[in-house]
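**Q** model this:
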Amino acid sequence: MALTSPAGVRRCPRCSYQGEGISYFRRGGHVGLLIGASFFTWGFGGLIYWMARRKHLICPRCGLGWEHASRALAVTGSDRMALESEPDEKLPSTGIKRRVAGVAAILMASFMALMGFVEWEPAMVVVGAVMGAGGSASFYWGWKGLQDRRTALMQALQRKVLKLADLRGGTLTVTEVAADMNVSLPAAENILTAMDDGFRVRSEISKEGVIYYEFPELLHRNQLGSGD
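**A** I've put the predicted structure just below:
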């Protein structure tokens, strides 16, 4: 198989997006953080934040810093075409906007409650308590969205591993997964370890001491017969 390296194109190790990075502040959540930092620091915090991140590039899909992305490899051949024939699915939102809004509401609620106690205004304390509860709920909603996204991403990567295992005859090594899916070795190991249930996916050690993963249902597919 021939390898080419498209100019300016990289691949995100987290979500497998392949393309070019975008400006840091083109992401809505980062703009929300900028506004929040400016609001609570009279503009100085926002200015420092903008100066620190204005030249950064990120993945347009998941927001990972583009400095972590690897140069994409365009692999020709039927194996790569089969592996990437399935279109990338849309992942759930990271919930960053809800988390930012929640933190902002909690901070504002804390300030209102503090002022209510200092000035002894029960109404202000009550409003602060209600706002704090709403902010906490919003933050939890955003955090739940982040967990759902991570779960969906892991499931998508595992489906690609299964497809790769089918192409490779039912056995895979960490290095093969890392090379074919263009992810880091630790990431490939984490995916395979999460899939290893000792039944449908199991790890073995060869005589040479190489750890590999077997997919028995794929490995022995041609030997399966009809049940009694």
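**Q** quick one: secondary structure of residue 117?
**A** helix (DSSP: H, G, I helix; E, B strand; the rest coil).
**Q** From residue 203, how far out is it?
**A** 58 Å (CB to CB, to the nearest Å). For glycine as for every other residue, the C-beta is placed from the backbone atoms N, C-alpha and C.
**Q** do residue 166 as well
**A** For residue 166 relative to residue 203 (CB to CB), the value is 18 Å.
**Q** Quick one: the strands in this protein, in order.
**A** 3-4, 10-11, 18-19, 22-23, 57-58, 70-71, 74-75, 171-172, 202-205, 211-214 (DSSP state E).
**Q** Would you reformat those strands as JSON lines and include mean neighbour count, distance to residue 154 and mean pLDDT?
**A** Converted to JSON lines, the strands of the chain look like this (neighbours: other CB atoms under 10 Å; distance: least, CB to CB, whole Å; pLDDT from 0 to 100):
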{"stretch": "strand 3-4", "mean neighbour count": "10", "distance to residue 154": "27", "mean pLDDT": "40"}
{"stretch": "strand 10-11", "mean neighbour count": "20", "distance to residue 154": "18", "mean pLDDT": "72"}
{"stretch": "strand 18-19", "mean neighbour count": "17", "distance to residue 154": "19", "mean pLDDT": "68"}
{"stretch": "strand 22-23", "mean neighbour count": "14", "distance to residue 154": "24", "mean pLDDT": "84"}
{"stretch": "strand 57-58", "mean neighbour count": "20", "distance to residue 154": "21", "mean pLDDT": "84"}
{"stretch": "strand 70-71", "mean neighbour count": "12", "distance to residue 154": "19", "mean pLDDT": "60"}
{"stretch": "strand 74-75", "mean neighbour count": "14", "distance to residue 154": "24", "mean pLDDT": "42"}
{"stretch": "strand 171-172", "mean neighbour count": "20", "distance to residue 154": "17", "mean pLDDT": "88"}
{"stretch": "strand 202-205", "mean neighbour count": "12", "distance to residue 154": "18", "mean pLDDT": "88"}
{"stretch": "strand 211-214", "mean neighbour count": "17", "distance to residue 154": "16", "mean pLDDT": "89"}
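**Q** Could you point out which of these sits nearest residue 138?
**A** Among these, strand 57-58 comes nearest to residue 138, with 23.4 Å by CB to CB.
**Q** elements contacting the closest one?
**A** Contact partners of strand 57-58 among helices and strands, from 3 or more CB pairs under 8 Å, 6 or more residues apart in numbering; DSSP states H and E: strand 22-23.
**Q** And for the strand it packs on, what's in contact with it?
**A** Around strand 22-23, the neighbours that count as contacts under CB atoms under 8 Å, 6 or more residues apart in numbering are 54, 56, 57, 58, 59, 60.
**Q** Can you tell me which of those residues lies closest to residue 108?
**A** The nearest one, if we look at those relative to residue 108 and count by CB to CB, is residue 54, at 27.0 Å.
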